[in-house]
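Q: no FASTA, just this:
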Ligand code: FAD
Ligand code: EPU
């Protein structure tokens, strides 16, 4: 039973503990929703109609350029429900407020395959479709069935199947034409009861072999992914960050060949008739790794991760990101597009 019967709009809330970059910023108004009906209640308030709105999950992919002069709607819709099950598959409907990695553990513990490569990604389930989260050779879309969302102007609940979401690499319709228009309330995923493991990416296989695992199951894969991630990504609880700051650029084969003729060691991943290149390598080559500008910096172990060493402001981080973009464009002729959602329109990169 849900104990939250009233919605409570709070004023002047610090956003520092609510996002992983841990920047000093505040929100003019803040409200938490625990069930879809709360959104309808919220829509009856003048604040909802008067203020600019922003839907927040775990705050692990946002950068507040400054104070947010509007209403933050924090999604906290709980629950994991089995919708259907047979010998081969299980279909789960998950509340958007469920912590993503709790869901991964829940499924891996039961031997239900599909999410193990996505272990340890911060944030909540409701945000996972927004950029079609991906890691270690798997993207959300592989297990995605549909999502339920409420349209924030009409209050009408709608469902989106996989095709309607128009998933791409770190992309969906919710980052484009439907940006900021819906609050996702539930996500439905189909998992495999006789899973095959996916070890195609990077050094997953090597890690498992080095641990003496010969026939890995999804638990082994999840553990290996956790191990790799813990060794190379900064823990946001210790050092503020939002994971990869930029997307990996996807360029034409022609452009790639011209880059390779000058930089023979450039890493690459074929992606259809295009080539994806690691933004980390481009930034690293420009000498940014470990560099600091005030309290904003480029992580010492990973050039794609911008960090807050304590008192960085959103503007400082954006300034550093902009310098990086200019350098990379000047040296390689490649544009870096932010993966992180920058909140504060006039400060967009
Ligand atoms: P937020 O940061 O709160 O929000 C992100 C965006 O989604 C915002 O635009 C917000 O408005 C929107 N949104 C959130 N919830 C809803 C909702 N219910 N309805 C509508 N809109 C919503 N990402 C990867 O893909 N792969 C990785 O390997 C990865 N590794 C990371 C490692 C670290 C250390 C960190 C800090 C981040 C990493 N990320 C990664 C990025 C991030 O974890 C994911 O994008 C995650 O899905 C964001 O979830 P969140 O709940 O924190 O979303
Ligand atoms: N590299 C460098 N310098 C560095 C770090 C990396 O040159 O400082 C080069 C190396 O050649 C390395 C390559 O970049 O092989 C790729 O690095 P890594 O394997 O760490 O992956 P990534 O491309 O930086 C992507 C995702 C991550 C995801 C991992 C694993 C993007 C933008 N990022 O990182 O997602 O966890 O692959 O699949 O696609 C995120 O989205 O926030 C995120 C962390």
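A: Thanks, I have it. Everything numeric in this text was worked out from a predicted model, so none of it was measured. Numbers count the residues shown, from 1 in each chain. Ligands and ions are numbered 1, 2, ... in the order given.

Q: the residue in the stretch 201-349 of the chain that ligand 1 sits nearest to: neighbour count?
A: Residue nearest to ligand 1 within the stretch 201-349 of the chain (C-beta to the nearest ligand atom): residue 243, separated by 2.6 Å. Every residue, glycine included, has its C-beta placed from N, CA and C. Residue 243 has 22 neighbouring residues, counting by other C-beta atoms under 10 Å.

Q: over to it. Which of the three states is it?
A: Secondary structure state of residue 243, per DSSP: H, G, I helix; E, B strand; the rest coil, is coil.

Q: can I assume it is in contact with residue 341?
A: No - judged on C-beta atoms under 8 Å, residue 243 makes no contact with residue 341 at a distance of 11.7 Å.

Q: which residues do the two both contact?
A: Applying C-beta atoms under 8 Å, 6 or more residues apart in numbering, one finds that residue 243 and residue 341 are jointly contacted by residue 61.

Q: who are the neighbours in contact with residue 128?
A: 100, 121, 140, 187.

Q: what's the closest of these to ligand 2?
A: Nearest to ligand 2 among the contacts of residue 128 is residue 121, at 7.3 Å by C-beta to the nearest ligand atom.

Q: the closest one: helix or strand, and which one exactly?
A: Secondary structure assignment for residue 121, by DSSP states H and E: no helix or strand.

Q: what is the burial count for the nearest residue in space to residue 87 that is not next to it in sequence?
A: Spatially, and ignoring its direct neighbours in sequence, residue 87 is nearest to residue 193 (6.8 Å; C-beta to C-beta, 6 or more residues apart in numbering). Applying other C-beta under 10 Å, we find 14 residues neighbouring residue 193.

Q: how far away is residue 193 from ligand 2?
A: Using C-beta to the nearest ligand atom, to the nearest Å, we find residue 193 at a distance of 25 Å from ligand 2.

Q: per-residue pLDDT of that residue, please?
A: Model confidence at residue 193, expressed as pLDDT, equals 98.

Q: contacting residues for it?
A: 87-90, 111-113.

Q: list just the nearest of the contacts of residue 128 to residue 168.
A: Comparing the contacts of residue 128 against residue 168 with C-beta to C-beta places residue 140 closest, at 11.6 Å.

Q: okay, the closest one: pLDDT?
A: For residue 140, the predicted pLDDT is 98.

Q: show me where the stretch 201-349 of the chain has strands.
A: Secondary structure of the stretch 201-349 of the chain (DSSP state E, counting those that start in this stretch): strands at 240-241, 250-252, 269-271, 274-276, 292-293, 296-298, 306-308, 341-343.

Q: ranking those by burial, who's on top?
A: Highest mean neighbour count of the strands of the stretch 201-349 of the chain: strand 306-308, a mean of 28 (counted as mean count of other C-beta atoms under 10 Å).

Q: please list the residues of the stretch 151-300 of the chain that sit near ligand 2.
A: Applying C-beta under 6 Å from any ligand atom, we find that the stretch 151-300 of the chain lies next to ligand 2 at 202, 232, 243-244, 247-248, 267, 278, 280-281, 284, 289.

Q: need those residues in TSV (columns: pLDDT and distance to residue 166).
A: Output for these, formatted as TSV (pLDDT from 0 to 100; distance: C-beta to C-beta, whole Å):
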residue	pLDDT	distance to residue 166
202	83	27
232	93	31
243	98	22
244	98	21
247	98	16
248	98	19
267	97	28
278	98	25
280	98	27
281	98	28
284	98	32
289	98	34
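
Q: now do the helices in the stretch 151-300 of the chain.
A: 162-165, 204-210, 218-232, 253-262, 279-285 (DSSP state H, counting those that start in this stretch).

Q: where does the stretch 1-150 of the chain dip in pLDDT?
A: Along the stretch 1-150 of the chain, segments meeting pLDDT under 70 span 1-4.

Q: what's the biggest helix in the chain, counting residues?
A: Secondary structure of the chain per DSSP state H: the longest helix is helix 314-332.

Q: that helix: which residues count as buried?
A: 314, 316-321, 324-325, 327-328, 332 (16 or more other C-beta atoms under 10 Å).

Q: quick one: contacts of it?
A: Outside helix 314-332, the residues that reach it (C-beta under 8 Å, 6+ apart) are 21, 23, 25, 63-66, 245-246, 259, 279, 282-283, 285-286, 288, 293-298, 306, 308, 334-336, 338, 342, 344, 347, 349.

Q: give me the number of residues near the residue nearest to residue 259 when sequence neighbours are not counted?
A: Nearest residue to residue 259, sequence neighbours excluded (C-beta to C-beta, 6+ apart): residue 266, at 5.7 Å. By the criterion of other C-beta under 10 Å, residue 266 has 17 neighbours.

Q: isn't residue 266 up against residue 284?
A: No - if you go by C-beta under 8 Å, residue 266 and residue 284 don't touch, sitting 11.2 Å apart.
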